[in-house]
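[1] Sequence plus the predicted model coming up.
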Amino acid sequence: MIPPNNELRVWQDVWQSDSGGGRSSPADLVRKLERRASEFRRRIWRRNLRESIAGLVVFLFFGFLAARQPNLLARAAQAWLAASGLWVAFYIHRYSKAARTPAPDQTLSSFRRSLLAAYDEQIRLLRAAKYWYILPFWFGLLLIALASWKAGMGPVQVGLFLLWITAVNAVVWWINEVPGVRSIRRKRDELLTLIGEDA
Amino acid sequence: MRGSCPTHPQTSEVHSCPRILPPPDPSLQAFPRPLDYLFRMQPASKEQTTFLRLLDQYQPALWRLVNAYEQDASRRDDLFQEIALNVWQALPRFRGDSSERTWLYRIAHNVAISGMQSRRRTERRETPIADSLDPPHAGALSDELMAAREKHEALLAAIRELPALDRGLIILHLEGLSYQEIEQIAGLSESAIGSRLTRIRGRLTELICEKGARR
């Protein structure tokens, strides 16, 4: 049953006659916005600080070990790990922008496309974590195992160490690749359900 | 701020009069200094004035939109603030390619829809607070007003049953925007909007009738 035009007019009148209920004074609203925006800025600042400190701690720790290491291979391994810490911090900082909500002052269709593209980018980053996150650390730890073996560590101990670092990295890989991607995919599907495929 | 200028009767805008300054807007005086660092603007800049004017002009329409998108009474204020914040942050990018109204609705609908998505996730973890639109006291309103209110609530309840995109389109339609303006907001072609709105209006009628029959 499609309402005739006069009924539509009635609906429009009913709709527009409502004041919406809430009304904020500009001064009140500005204060609330200020608080909200500064909370958001602080949250981003804290997150960036946390990531930078984590990267710096890894860099300083392995950099310190590398500087004190007489063995060339062990020094190279630790320098590699130090650089990996910086690289991962840089990468997260550089690409975390992909997770941001796109600018809302575009048409609903292009906003939807941008949101979907942002989700796709997040999925790509999680899937690529094995290359930009896991591989550098795993390779550095592999070099350390090699250096330890050369320095006289028993093969069983070296084997156990290799097994352990591989298992830890495999768990990290699995978390990114399976639950991580699944969670973003769910959000993506929810968006499609909400807005529809044809928007 | 509108009014005829006593020294320049040819202009109806006090703002455009070169000799008389507009009276100070009390809401502008309420701007605290910390906003300067936040929005990198001087106090009472053109953007701030525009922002306050837009809010003043469109606040009822934005609240209607918020009511249609957010069922939980406690979260409506939150959504309204989110929309206002996005409008403020987007204001420096506004180049006037579209009208202020379509630009504002674009932001409001996009923010409401993306907010809907995150709220859906939260709602799975917590029970939403029951909706309440400040129910009127019986007897406090005349029969006519009560009937109008009932009609509005039936319409609102039916709109909330619609999927997000349909909800957005019908809100714009009810606000009296033309198909061309809706096109600028939704990014769909006018013909697609027309056929979609016909279907939505039909669905809305069905929903209202169903709800009426259940009462």
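    Sure, I can see it.
[2] For the chain, give me the ranges with low pLDDT.
    I went with chain A, as the question did not name one. Under the criterion pLDDT under 70, the flagged ranges of chain A are A:1-5, A:22-24, A:97-99, A:196-199.
[3] You answered for a different chain; I wanted chain B.
    Ranges of chain B meeting pLDDT under 70: B:1-44, B:120-142, B:213-215.
[4] what's the burial count for the residue of it found nearest chain A?
    Closest approach between chain B and chain A, counting by C-beta to the nearest C-beta: B:Trp63, at 2.4 Å. Just so you know, the C-beta spots here come from the backbone N, C-alpha and C atoms, and that holds for glycine as well. Per other C-beta atoms under 10 Å in any protein chain shown, the neighbour tally for B:Trp63 reads 22.
[5] ok, now the one 5 residues further on?
    Residues within reach of B:Ala68, counting by other C-beta under 10 Å, total 22.
[6] right, and the helix or strand after the helix or strand encompassing B:Ala157?
    Using DSSP states H and E, B:Ala157 sits within helix B:143-160. Following helix B:143-160 in sequence order, the next helix or strand is helix B:164-174 (DSSP H and E).
[7] Mind listing what's buried along whatever helix or strand comes next after that next one?
    Using DSSP H and E, the next helix or strand after helix B:164-174 towards the C-terminus is helix B:179-186. Neighbour-count burial for helix B:179-186, counted by 16 or more other C-beta atoms under 10 Å in any protein chain shown, picks out B:179, B:181-186.
[8] picking up where we left off before, flag every buried residue along the helix holding B:Ala157.
    Buried-residue list, helix B:143-160, by 16+ other C-beta under 10 Å: B:148-149, B:151-156, B:158-159.
[9] Return only those of those found close to chain A.
    Among those, proximity to chain A is found for B:148, B:151-152, B:155 (C-beta under 8 Å from any C-beta of the partner chain).
[10] Please identify which pair of the residues you listed lies farthest apart.
    B:Ala148 and B:Leu155 (10.6 Å; C-beta to C-beta).
[11] Identify the contacts common to these two.
    Common contacts of B:Ala148 and B:Leu155, defined by C-beta atoms under 8 Å, 6 or more residues apart in numbering or on different chains, comprise A:Val14.
[12] need the longest helix for chain A.
    Counting residues, the longest helix in chain A under DSSP state H turns out to be helix A:26-68.
[13] Using PDB, write out every CA atom in the helix or strand following that one.
    Note on helix A:26-68: by DSSP H and E, the next helix or strand toward the C-terminus is helix A:72-95. Provided in PDB are the C-alpha atoms of helix A:72-95 (Å, rounded to 0.1, in the frame of the first residue of the first chain):
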ATOM      1  CA  LEU A  72      80.200 -10.900  15.000                       C
ATOM      2  CA  LEU A  73      77.200 -13.200  14.200                       C
ATOM      3  CA  ALA A  74      75.600 -12.600  17.500                       C
ATOM      4  CA  ARG A  75      76.100  -8.900  17.100                       C
ATOM      5  CA  ALA A  76      74.600  -8.900  13.700                       C
ATOM      6  CA  ALA A  77      71.600 -10.900  15.100                       C
ATOM      7  CA  GLN A  78      71.000  -8.400  17.900                       C
ATOM      8  CA  ALA A  79      71.400  -5.400  15.600                       C
ATOM      9  CA  TRP A  80      68.900  -7.000  13.300                       C
ATOM     10  CA  LEU A  81      66.400  -7.400  16.200                       C
ATOM     11  CA  ALA A  82      67.000  -3.800  17.300                       C
ATOM     12  CA  ALA A  83      66.300  -2.600  13.800                       C
ATOM     13  CA  SER A  84      63.200  -4.900  13.600                       C
ATOM     14  CA  GLY A  85      61.800  -3.200  16.700                       C
ATOM     15  CA  LEU A  86      62.100   0.200  15.100                       C
ATOM     16  CA  TRP A  87      60.700  -1.100  11.800                       C
ATOM     17  CA  VAL A  88      57.600  -2.600  13.400                       C
ATOM     18  CA  ALA A  89      56.900   0.600  15.300                       C
ATOM     19  CA  PHE A  90      57.300   2.600  12.100                       C
ATOM     20  CA  TYR A  91      55.100   0.300  10.200                       C
ATOM     21  CA  ILE A  92      52.300   0.300  12.800                       C
ATOM     22  CA  HIS A  93      52.500   4.100  13.000                       C
ATOM     23  CA  ARG A  94      52.500   4.500   9.300                       C
ATOM     24  CA  TYR A  95      49.600   2.100   8.500                       C
END
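[14] Name the residues of helix A:72-95 that come out as buried.
    Under 16+ other C-beta under 10 Å, the buried positions of helix A:72-95 are A:73-85, A:87-89, A:91-92.
[15] From the contact counts, what lies against it?
    When contacts are defined as 3 or more C-beta pairs under 8 Å, 6 or more residues apart in numbering or on different chains; DSSP states H and E, helix A:72-95 packs onto helix A:26-68, helix A:135-150.
[16] of all the ones you listed, which gets the most neighbours per residue?
    helix A:135-150 (a mean of 18; mean count of other C-beta atoms under 10 Å in any protein chain shown).
[17] who touches the following helix or strand past it?
    Later in the chain than helix A:135-150, the nearest helix or strand by DSSP H and E is helix A:155-175. Helix A:155-175 is contacted by residues A:129-130, A:133-134, A:137-138, A:141-142, A:145, A:148-149 when judged by C-beta under 8 Å, 6+ apart.
[18] Pick the one among those closest to chain B.
    Distances from chain B to those, taken by C-beta to the nearest C-beta, are shortest for A:Ala129, at 22.8 Å.
[19] Skipping its backbone neighbours, what lies nearest that closest one in space?
    Excluding the flanking residues, the one nearest A:Ala129 by C-beta to C-beta, 6 or more residues apart in numbering or on different chains is A:Asn176, at 4.1 Å.
[20] Test my guess that A:Pro104 contacts B:Gly115.
    No - at 10.3 Å, A:Pro104 does not count as touching B:Gly115 under the criterion of C-beta atoms under 8 Å.
[21] what touches both of the two?
    By C-beta under 8 Å, 6+ apart, no residue touches both A:Pro104 and B:Gly115.
[22] Neighbour count for the two, which is higher?
    A:Pro104 (23 against 19).
[23] ok, how many other residues are close to the nearest residue in space to that one that is not next to it in sequence?
    Spatial nearest neighbour of A:Pro104, excluding adjacent residues (C-beta to C-beta, 6+ apart): B:Asn110 at 3.8 Å. Neighbours of B:Asn110 under the rule other C-beta under 10 Å: 27.
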